[in-house]
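Asks: got a predicted structure here, sequence first:
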Amino acid sequence: MFDLYVNDSDELLVVPQGARPPIIGSFGKWRKKKTRVTSVSQEIRSVVQKQGHYIRKRSDSRKRIPTET
């Protein structure tokens with residue numbers, strides 16, 4: 001299982017359950033999401049195993065408005 005954190009810059013941080021967020025750029029600005037994730041992609045799982053965390057920019061699909069042609 002994994003814990004999810006987000007920050008003010010809309011970045012997503014994935015860490016193993018119970019692990020503290022690493023000290024990265026905006027330390028102290030991470031907010032823990034209440035939901036835990038039971039499964040992640042193989043890519044994320046391997047990065048978490050190697051580095052202890054996975055971080056990426058969170059995409060916001062609500063901002064994308066489909067255009068009709």
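Replies: That came through, no problem. Numbers count the residues shown, from 1 in each chain.
Asks: average pLDDT for stretch 37-52?
Replies: pLDDT averaged over stretch 37-52 equals 91, rounded to a whole number.
Asks: which other residues reach the helix or strand bottoming out on mean pLDDT in the chain?
Replies: In the chain, the helix or strand scored least confidently by mean pLDDT, DSSP states H and E is strand 31-37, which has a mean of 83. Identification of contacts with strand 31-37 by CB atoms under 8 Å, 6 or more residues apart in numbering yields 1-7, 14, 17. From N, CA and C alone the C-beta is placed, and that goes for glycine too.
Asks: break down the chain into its helices, ranges please.
Replies: 42-51 (DSSP state H).
Asks: which parts of it are strands?
Replies: With DSSP state E as the criterion, the chain has strands at 2-6, 11-16, 31-37, 54-57.
Asks: got CSV for those, with distance to residue 23 too?
Replies: Compiled in CSV, these are given as follows (distance: least, CB to CB, whole Å):
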stretch, distance to residue 23
strand 2-6, 13
strand 11-16, 12
strand 31-37, 16
strand 54-57, 12
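Asks: can you lay out those as a markdown table showing mean neighbour count?
Replies: Listed next are the strands of the chain as a markdown table, based on neighbours: other CB atoms under 10 Å:
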| stretch | mean neighbour count |
| --- | --- |
| strand 2-6 | 18 |
| strand 11-16 | 18 |
| strand 31-37 | 11 |
| strand 54-57 | 14 |
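Asks: nearest to residue 47, of those?
Replies: Taking CB to CB, strand 54-57 is the member of the strands of the chain nearest to residue 47, at 4.6 Å.
Asks: distance between the closest one and the chain's centre?
Replies: Here the centre of strand 54-57 is set off from its chain's centre by 5 Å, with CA atoms, centre = their mean, to the nearest Å.
Asks: so which residues make contact with that strand?
Replies: Taking CB under 8 Å, 6+ apart as the criterion, the residues outside strand 54-57 that touch it are 9-15, 24, 40, 44, 47-48.
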